[in-house]
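A.B. asks: return a 3D structure for these sequence lines:
(3 chains)
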Amino acid sequence: MAKITFQVDRCKGCGLCVGACPKKLIRIARDRINQKGHHPAEITNPEACVGCAFCATMCPDCVITVER
Amino acid sequence: MADKVLMKGNEAIAEAAIMAGCRHYFGYPITPQTEVAAYMAKRMPKIGGVFLQAESEIAAINMVYGVSSTGHRVMTSSSSPGISLKSEGLSYLAGADLPALVVNVQRGGPGLGGIQPSQSDYFQATKGGGHGDFRMIVLAPASVQEMADLTVKGFDLADEYRMTAMILADGTMGQMMEPVEIPKIEKKEFDKSWAVTGTGMGRKHNIVNSLSLAPAELERQNFERFQRYGRIQEKEAMWEEYRMEDAEYCLVAFGIAARVTKAAIDEARKKGIRAGMIRPITLWPFPEKALAAAAEKCVSFATVELNMGQMIDDVRLAISCKRPVKLIHRAGGIIPSPEEVLRGIENMEGGAEK
Amino acid sequence: MMVFERPHALLDVPLHYCPGCTHGIVHRLVAEVIDELGIEGRTIGVAPVGCAVMAYDYFACDMVEAAHGRAPAVATGLKRADPEHNVVFTYQGDGDLASIGTAETVHAAARNENITIIFINNAIYGMTGGQMAPTSLPGQVTQTSPYGRDVKACGYPVKICEMLSTLDGPEYLERVAVNNVKNVKAAKKAIKKAFENQLAGKGFSLVEVLSACPTNWGMTPEKALEWVQDKMIPYYPLGVYKDRSAKEEAK
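C.D. replies: Residues are numbered from 1 along each chain as shown, chains lettered A, B, ... in the order given. The predicted model follows:
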């Protein structure tokens, strides 16, 4: 069971994590904005996450924490 | 009395720097200061120090910036065209409030100019020496002994006020040999808690930096720096007075020009002309109080300079233009003879010939 | 179990970089390496002029901000001040390292100065708003090459790793990229080696990182990573350009 956490207000919505996720679980939340005014990244199906940390590896802003 | 040794001015600077605890020297060859580098190249490896011939003056001054950031004493030396290249680094040192000793053994300019002695970098040294609002402490030796003494003094002032101290010498001072007593050093402690020495995981990181994007913060830093400069102007001006007790005619000269002027004053006195001299030892801070006091009793002033007239502006300011100020000078690497200076004294306003 | 979190050597503050700018990835890799080697307390970083100018606010180790292009000279001073203790790295962009600071770069390499250089090549000047860099590709449109970089008028890109590899001085030169997970992992390995070399006293180690600048390239972050893959890597091939110790060991 893996758990990924987004530090939402640090996210700039660049989407590099979206492309990195091998299971296509991450999307940019078009329906909300964070403190900085960006649409932040979010995980759609947390149960399916395997904790590979590819998303965090590509995140330029150290937004993502991964536990397993 | 300690032993005196016969040394070239450039070598005296180098040895005094070592005595003052400087173990890092970075330079680039240029006449007429290369002996400083050559001396350091010989001595530093023997005492566990670093001599490095940099790829350029620009690199040398930035290596100085690096060592200074760690809190160690460090120096570079050059001559006029090389100092122009270093002016970027001098500005950054000022902006980051880093101490350093920089030696300029001046030659004639502008451009590549010549290699003979000159004082034509007075403006560059005393009015900033790079972009932005800043000052350097400028020390002007007039003997080989002073080349040594002011080097030690320069390191202390630089550390105390966290800024660059410049030795503004000339080709004659650099090349001439005189007996010199290498000064004994009293160890002084300076606060260097700002230095980057590694956090040791025991403190917040130190940052050495001259960037400040918020105008209010940058303004605050400038005001703080100029308060410090104000203290220096108050406390650190140095000068020598020669036969000024009863002088009617006040000559102002520094470095090699002051030595020629002394001889000319002695000749003038033989002719009954009461001439005297104020010799600034610090060009910045300029000895304004001494000049202002002289303006109360002397009828006329003249500067003797190896340039087209640079210090003369500071003399006029210091005496608030209360008395006439004449320029006695040669340029291009030529030193006036005592006879030339004597003729100049005779021709001072209100003087013997008028 | 925590498998991924912010490294200690990267301070917990927001980075000012544009969305999708890969400076952030490289900052993190450097910080991870500093953590793993346990050297934060004796590391001094040198920030450049350019987009990474404020890197001094991001790394937890002591930091110095250098004049444009002068970081290798400043690093030389920092290292020589206390060579046994100080671990010194510079973090520089292409304008800084390969244009205005070319002399400092070449001579630090020639001296085999025992420092680590992280060189971000994103083929453009970012901070000033997208001008032609020494590494801009032939034909690349920038603010100062609006019709595309014309090699007849303004010359060819500077290939730093290839150029420095002709010198006897440097210990280690490698070019990596941070456009996908695999390359990011390889980049970290190279950065770690570049620091380990310094700790072992081996000398000048430079890692050139092909990096993305979506804002000034006028692309989405995703497209920018593709541009690194499709345009930059063919012109700037990845790989080890020099590894003196490995070569000597092989003999």
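
A.B. asks: from what I can see A:Gly15 touches C:Lys223, true?
C.D. replies: No: applying C-beta atoms under 8 Å, one finds A:Gly15 not in contact with C:Lys223, separated by 10.6 Å. No exception for glycine: its C-beta is placed from N, CA and C like everyone else's.

A.B. asks: so what's the residue count around residue 13?
C.D. replies: All of this refers to chain A. 19 (other C-beta atoms under 10 Å in any protein chain shown).

A.B. asks: meant chain B actually
C.D. replies: B:Ile13, neighbours per other C-beta under 10 Å, totals 32.

A.B. asks: on that earlier part again, between A:Gly15 and C:Lys223, who's got more neighbours?
C.D. replies: Neighbour count, other C-beta under 10 Å: between A:Gly15 and C:Lys223, A:Gly15 has more, with 20 against 14.

A.B. asks: what sits against that one?
C.D. replies: A:Ile28, A:Ala41, C:Gly20, C:Thr220, C:Pro221, C:Glu222 (C-beta atoms under 8 Å, 6 or more residues apart in numbering or on different chains).

A.B. asks: in chain B, where's the longest helix?
C.D. replies: Longest helix in chain B, counting residues (DSSP state H): helix B:215-235.

A.B. asks: now do it: everything it contacts.
C.D. replies: Helix B:215-235 has contacts (C-beta under 8 Å, 6+ apart) with B:94, B:97, B:133-135, B:137, B:157, B:161-163, B:212, B:285, B:288.

A.B. asks: got it, and stretch C:240-251?
C.D. replies: Residues beyond stretch C:240-251 that count as contacts (C-beta under 8 Å, 6+ apart) turn out to be C:Cys161, C:Glu162, C:Leu164, C:Ser165, C:Pro170, C:Glu171, C:Tyr172, C:Leu173, C:Glu174, C:Arg175, C:Asn197, C:Lys202.

A.B. asks: the last one in helix, strand or coil?
C.D. replies: Assigned with DSSP: H, G, I helix; E, B strand; the rest coil, C:Lys202 falls in the coil class.

A.B. asks: quick one: it and C:Lys193, what's the gap?
C.D. replies: Distance of C:Lys202 to C:Lys193, computed by C-beta to C-beta, to the nearest Å: 10 Å.

A.B. asks: overlap in contacts, these two.
C.D. replies: Common neighbours of C:Lys202 and C:Lys193 (criterion: C-beta under 8 Å, 6+ apart): C:Tyr172.

A.B. asks: between these two, who's got more neighbours?
C.D. replies: Ranked by neighbour count (other C-beta under 10 Å), C:Lys202 and C:Lys193 place C:Lys193 first, with 22 against 19.

A.B. asks: chain C contacts on chain A?
C.D. replies: Contact residues, chain A versus chain C (C-beta under 8 Å from any C-beta of the partner chain): A:2, A:10, A:12-16, A:18-20, A:36, A:38, A:51, A:53-54, A:56-62, A:64-68.

A.B. asks: quick one on the thing from earlier: now a PyMOL select for only the buried ones of the contacts of stretch C:240-251.
C.D. replies: Selection of buried members from those for PyMOL, criterion 16 or more other C-beta atoms under 10 Å in any protein chain shown:
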select buried, chain C and resi 161+164+170+171+172+173+174+175+197+202
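
A.B. asks: and the stretch 101-250 of chain C, which residues reach chain A?
C.D. replies: Within the stretch 101-250 of chain C, the positions near chain A by C-beta under 8 Å from any C-beta are C:Asn180, C:Val181, C:Val184, C:Lys185, C:Pro214, C:Thr220, C:Pro221, C:Glu222, C:Leu225.

A.B. asks: narrow those to those that are buried.
C.D. replies: Buried among these by 16+ other C-beta under 10 Å: C:Asn180, C:Val181, C:Val184, C:Pro214, C:Pro221, C:Glu222, C:Leu225.

A.B. asks: cheers, nothing more for now.
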